[in-house]
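Engineer: Sequence below, structure please.
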Amino acid sequence: MHKPSPLSSSMIPINKPWIDEEEKREVASVLEEKALTTAARDGGKRVRDFESQMRSYLKVKYVISVNSGTAALYAALLAAGIKQGDEVLIPSFTFVATANAVVAAGGKPVFVDIKKDDYTIDVSDLKSKIGNKSKFVIPVHLYGHVSDVDELMEIAAEHSLDVIEDACQSLGSTYKNKQTGTFGRMGCFSMYASKVLTAGEGGAVATNSDELADKLKMIRNHGMVEGYDTRVLGLNLRLPELSAAVAKVQMQKLGRMLEIRRRNAELMSKLLLPSANKHGLVLPQEIADKKFNWYLYTLAFQHNRDKIRDGLVRDNVGATVYYSPPVHKTPYYIQVAPGTRLPTTDWCADHVLSLPVHPQVSEADVDHIADSLKAILEK
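Structural biologist: Numbers count the residues shown, from 1 in each chain. I've put the predicted structure just below:
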C-alpha cells in the first residue's frame, strides 16, 4: 500500500480523498467486465464485498449500500414507516441533507438546539421539543464528534421515538468502544468525496433488523423483489459497481487513514494549546468514552472568525465554515419551520471554523497551519 504524499506548498484543501493505484485497478476491472451496475436484489459483486467489509467493521448484522448519505437517511425513514406529518427531531447545525431527507419522506422537521462544547444535539432541548406527533429523532454525530448516546436512547425509549443515527460524518467514531451508527434502529453513513472513506458518491444504512434490511433492499430498488413487482415505495437508490469498487478498496485502508487523521489532530491540538489559553480559542476535545474519527478539526473563536478564516486562506490553508447559515435560517426552512429559535446553534454558526487534518496533510502541513493561525491571532 502506498503512503499518502504530502501536499505541496499550494493550498492545503479542507478535504482530499486518498486514492491510490489499488482503487484505479479495481475500477478498471469493473470497466473491463462491463458490469457497471445491477438491479439484482443483493447488488453486484463489489457492492456485496463492500457491504460485507463494512458489516465486519461496524459489527452489525446488515449493511445496505445506497448512492448517497442523503439516500441512506431517506431510505431509513421509509423503512421505519414514517407517515405524512410525523415529526422528526433533528439538529439544525448539520448539512441540509438531514432535513431534506425528512421532508422528502413526508415528515416534518422539528429543530433542536446543540451543545456548545461538541456541536451535537442538546438532550435537554430535545426533551422540551417532544410532542404528540414526534415519532423519530435523528442525532447527528457532527464533525465526527459523538452525541450523548445513553441519554438520547433513554429519552427515545421513554417517548417511543425511533432513533435513526446520522453517522454520515462519523464512520470510525466510537462510544464506549462501539461504532456510531450502531446504537439506533438504523445508522446512516456517507461516502461522499470528502468523507473519511469515499466512493465518490455513496452511502450505507446499518441495522441489526432482518425486517428493516429486507425493506431497505426493496426501497433502494424501486420497491421491487422479483421483476416489476413493486411492493413498497422505493426509488433507484442503488450504489453502482464503479463506486463500490472504490469503497471496497478504501475499507482496506480505513484504519490507516483514521490513524493519520488522529496523528494530525493530536499534533494540531498540541501546537495550538498555548494560543487557546491566551486567545480564548476552544479546541475540540475527546472525553473518556467518546473517540472521534477526526473528520474535521473544528475550533470556536470568541471574535473575528471570518477575518481569521480569510487570513488562513490567504496563507494557503483551506479553513472552512461548516455550517453557516444553519438549516433553520436557510430561505426554504424559514418557511418550513417559521419562528425557530436556537441560540447556541446561532452562536456556533458565527464562531466555528474547521481546519484540514485529512490523510493527505503531512506533519509539515500541520506545522504550517498552526503557525499561520498563531500569527493571525497575535495580530
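
Engineer: So which residues of the stretch 101-250 of the chain form helices?
Structural biologist: 123-129, 149-158, 210-219, 241-252 (DSSP state H, counting those that start in this stretch).

Engineer: May I see those helices arranged in TSV, with mean neighbour count and mean pLDDT as well?
Structural biologist: The way it works is simple: take the backbone N, C-alpha and C, and place the C-beta from them, glycine included. As requested, the helices of the stretch 101-250 of the chain are exported to TSV (neighbours: other Cβ atoms under 10 Å; pLDDT from 0 to 100):
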stretch	mean neighbour count	mean pLDDT
helix 123-129	16	98
helix 149-158	16	98
helix 210-219	19	98
helix 241-252	24	98
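
Engineer: so which of those comes closest to Asn67?
Structural biologist: Set against Asn67 and scored by Cβ to Cβ, those come closest in helix 241-252, at 7.3 Å.

Engineer: which other helices and strands contact the closest one?
Structural biologist: With contacts taken as 3 or more Cβ pairs under 8 Å, 6 or more residues apart in numbering; DSSP states H and E, helix 241-252 sits against helix 21-33, helix 45-58.

Engineer: so which of these is the most packed in?
Structural biologist: Comparing the helices and strands packed on helix 241-252 by mean neighbour count (mean count of other Cβ atoms under 10 Å), helix 45-58 ranks first with a mean of 20.

Engineer: which residues are contacting the helix or strand following that helix?
Structural biologist: Once the chain leaves helix 45-58, the next helix or strand it forms, by DSSP states H and E, is strand 62-66. Outside strand 62-66, the residues that touch it by Cβ atoms under 8 Å, 6 or more residues apart in numbering are 43, 47, 50-52, 54-55, 72, 75, 202-210, 212-213, 216-217, 220, 237-239, 244, 247.

Engineer: Could you export strand 62-66 as PDB, CA atoms only?
Structural biologist: Output of strand 62-66 as PDB, limited to C-alpha atoms (Å, rounded to 0.1, in the frame of the first residue of the first chain):
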ATOM      1  CA  TYR A  62     -26.700  -5.900   7.800                       C
ATOM      2  CA  VAL A  63     -25.200  -3.000   5.800                       C
ATOM      3  CA  ILE A  64     -27.300  -1.900   2.800                       C
ATOM      4  CA  SER A  65     -25.400   0.400   0.500                       C
ATOM      5  CA  VAL A  66     -27.100   3.200  -1.400                       C
END
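
Engineer: Compute the inter-axis angle for whatever helix or strand comes next after it and helix 210-219.
Structural biologist: Counting by DSSP H and E, the next helix or strand C-terminal to strand 62-66 is helix 69-79. Angle, helix 69-79 to helix 210-219, by axes from the mean of the first three to the mean of the last three Cα atoms, to 10 degrees: 120 degrees.

Engineer: Neighbouring strands of the helix or strand just after helix 69-79 in the sheet, and parallel or not?
Structural biologist: Where DSSP H and E defines the elements, the next helix or strand beyond helix 69-79 is strand 87-91. Neighbouring strands of strand 87-91 in its sheet, by DSSP bridges, are strand 108-112 (parallel), strand 134-137 (parallel).

Engineer: What count of nearby residues applies to Arg231?
Structural biologist: As a burial measure, Arg231 scores 12 neighbours (other Cβ atoms under 10 Å).

Engineer: Can you tell me the SS state at Leu36?
Structural biologist: Counting by DSSP: H, G, I helix; E, B strand; the rest coil, the backbone at Leu36 sits in coil.

Engineer: Tell me which residues touch Asn208, please.
Structural biologist: For Asn208, the contacting residues are 60-62, 182, by Cβ under 8 Å, 6+ apart.

Engineer: Dihedrals phi and psi, Ala80?
Structural biologist: Per-residue torsions, Ala80: phi -80, psi -10 (degrees, to the nearest 10).

Engineer: surely it meets Leu212?
Structural biologist: Yes: with contacts defined as Cβ atoms under 8 Å, Ala80 counts as touching Leu212 at a distance of 7.3 Å.

Engineer: Give the residues shared as contacts by these two.
Structural biologist: Both Ala80 and Leu212 are in contact with 185-186, where contact means Cβ under 8 Å, 6+ apart.

Engineer: Give me the neighbour count for the nearest residue to Ala97 once chain neighbours are set aside.
Structural biologist: For Ala97, ignoring the flanking residues on the chain, the nearest one in space by Cβ to Cβ, 6 or more residues apart in numbering is Thr70 at 4.3 Å. By other Cβ under 10 Å, the residues close to Thr70 number 23.

Engineer: start the count at 869, not 1, going forward
Structural biologist: Yep, numbering from 869; the last one is Thr938 now.

Engineer: can you tell me how far Thr938 sits from Val980?
Structural biologist: 20 Å (Cβ to Cβ, to the nearest Å).

Engineer: what's the answer for Ile1087, then?
Structural biologist: For Ile1087 relative to Val980 (Cβ to Cβ), the value is 26 Å.

Engineer: Kindly report the same for Leu899.
Structural biologist: From Leu899 across to Val980, the span is 45 Å (Cβ to Cβ).
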